[in-house]
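**Student:** can you look at this prediction? I've put the sequence above it.
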Amino acid sequence: MKTKRLTLLAAVCAGMIFAAGSGPAAEAKTYQVTGPILELTATTITVQKGDEKWQIARDKDTKVTGELKVGSKVTIHYQMVAAKIEVKEDKAKK
């Protein structure tokens, strides 16, 4: 009887671990900015949003619908992704 309980418990735990690891990873939230293009380069696009200038990176994989040119009004969909994370130690703990 004790062996059956342990086997059942092990099976339930294994199932929970498998279910937790097999789920889809959370995707980064998508944002957007709309405005006229102020400047274009091979790696950036700068748009005017109100009083602010937004410069957003782009690459060969960026999907573009239509022709990009200065003055055209665009809506850019983007995600914020960490490029580098640096952990700082708390000085009070030293």
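**Tutor:** Perfect, thanks for sending it.

**Student:** so how far is residue 81 from the most centrally placed residue in the chain?
**Tutor:** The residue lying closest to the centre of the chain (CA atoms, centre = their mean) is residue 28, at 3.3 Å. The spacing between residue 28 and residue 81, counted by CB to CB, to the nearest Å, is 6 Å. Placement of C-beta: from N, CA and C, glycine included.

**Student:** and for residue 38?
**Tutor:** From residue 38 over to residue 81 the distance is 24 Å, taken as CB to CB.

**Student:** neighbour count: these two, which is higher?
**Tutor:** Ranked by neighbour count (other CB atoms under 10 Å), residue 38 and residue 81 place residue 38 first, with 14 against 6.

**Student:** settle this for me: the more buried one is touching residue 46, isn't it.
**Tutor:** Yes - assessed by CB atoms under 8 Å, residue 38 is found in contact with residue 46 at 4.6 Å.

**Student:** and the longest strand along the chain, which strands flank it?
**Tutor:** Looking across the chain with DSSP state E, the single longest strand is strand 30-40. Here strand 30-40 is paired, per DSSP bridges, with strand 44-49 (antiparallel), strand 73-79 (antiparallel).
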